[in-house]
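Asks: Here is my input; please provide its structure:
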Amino acid sequence: MLKENNPLLKLDIKVKKSYIFSIIMKVLESFYALFDLILEDPLENFWYEIVSIVLGYIQILYYLIDKTVSELLIKI
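Replies: Presented below is the predicted three-dimensional model:
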């Protein structure tokens, strides 16, 4: 039917990538670049991660010990 000399439907099919697909691909490429940087020197990055986690816990403990926050927690 479509291969006839005078087809009933004249279709012009074009492949077009959606906007969301391009955003997802950019995000995935940036994650790949990040993992590539991590894998270049994994031991050094491991120690940076340990230090950042420890500093995060110190900030949480300081937040709980802080005078204004501890007074608010006691009132609850």
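
Asks: show me where pLDDT drops low in this protein?
Replies: Confidence mapping of the chain against pLDDT under 70 gives the ranges 1-4, 6-8, 69-76.

Asks: Helices of that one, residue ranges please.
Replies: 19-40, 42-65, 67-75 (DSSP state H).

Asks: Any chance of these in a markdown table with distance to Leu9 and mean neighbour count as columns?
Replies: The C-beta positions use only the backbone N, C-alpha and C, and glycine is treated the same way. Converted to a markdown table, the helices of the chain look like this (distance: least, C-beta to C-beta, whole Å; neighbours: other C-beta atoms under 10 Å):
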| stretch | distance to Leu9 | mean neighbour count |
| --- | --- | --- |
| helix 19-40 | 27 | 10 |
| helix 42-65 | 57 | 10 |
| helix 67-75 | 69 | 9 |
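
Asks: Same list (those helices) but as TSV, adding distance to Asp12.
Replies: Output for those, formatted as TSV (distance: least, C-beta to C-beta, whole Å):
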stretch	distance to Asp12
helix 19-40	21
helix 42-65	51
helix 67-75	65
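
Asks: Show me the one of those helices that comes nearest Leu11.
Replies: With C-beta to C-beta as the criterion, Leu11 lies closest to helix 19-40 of these, at 22.4 Å.

Asks: what distance separates that closest one from the centre of its chain?
Replies: Mean-position distance between helix 19-40 and its chain equals 8 Å (C-alpha atoms, centre = their mean, to the nearest Å).

Asks: Restricting to C-alpha, output that helix in PDB.
Replies: Extracted in PDB, the C-alpha atoms of helix 19-40 (Å, rounded to 0.1, in the frame of the first residue of the first chain):
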ATOM      1  CA  TYR A  19      14.700  18.000  24.800                       C
ATOM      2  CA  ILE A  20      14.400  15.800  27.900                       C
ATOM      3  CA  PHE A  21      16.600  13.100  26.300                       C
ATOM      4  CA  SER A  22      19.300  15.700  25.600                       C
ATOM      5  CA  ILE A  23      19.200  16.900  29.200                       C
ATOM      6  CA  ILE A  24      19.400  13.300  30.500                       C
ATOM      7  CA  MET A  25      22.400  12.600  28.200                       C
ATOM      8  CA  LYS A  26      24.200  15.700  29.500                       C
ATOM      9  CA  VAL A  27      23.700  14.700  33.100                       C
ATOM     10  CA  LEU A  28      24.900  11.200  32.400                       C
ATOM     11  CA  GLU A  29      28.000  12.500  30.600                       C
ATOM     12  CA  SER A  30      28.800  14.700  33.500                       C
ATOM     13  CA  PHE A  31      28.400  11.700  35.900                       C
ATOM     14  CA  TYR A  32      30.800   9.800  33.600                       C
ATOM     15  CA  ALA A  33      33.300  12.600  33.700                       C
ATOM     16  CA  LEU A  34      33.100  12.700  37.500                       C
ATOM     17  CA  PHE A  35      33.600   9.000  37.900                       C
ATOM     18  CA  ASP A  36      36.500   9.200  35.500                       C
ATOM     19  CA  LEU A  37      38.100  11.800  37.700                       C
ATOM     20  CA  ILE A  38      37.500   9.700  40.800                       C
ATOM     21  CA  LEU A  39      39.100   6.600  39.100                       C
ATOM     22  CA  GLU A  40      42.300   8.500  38.100                       C
END
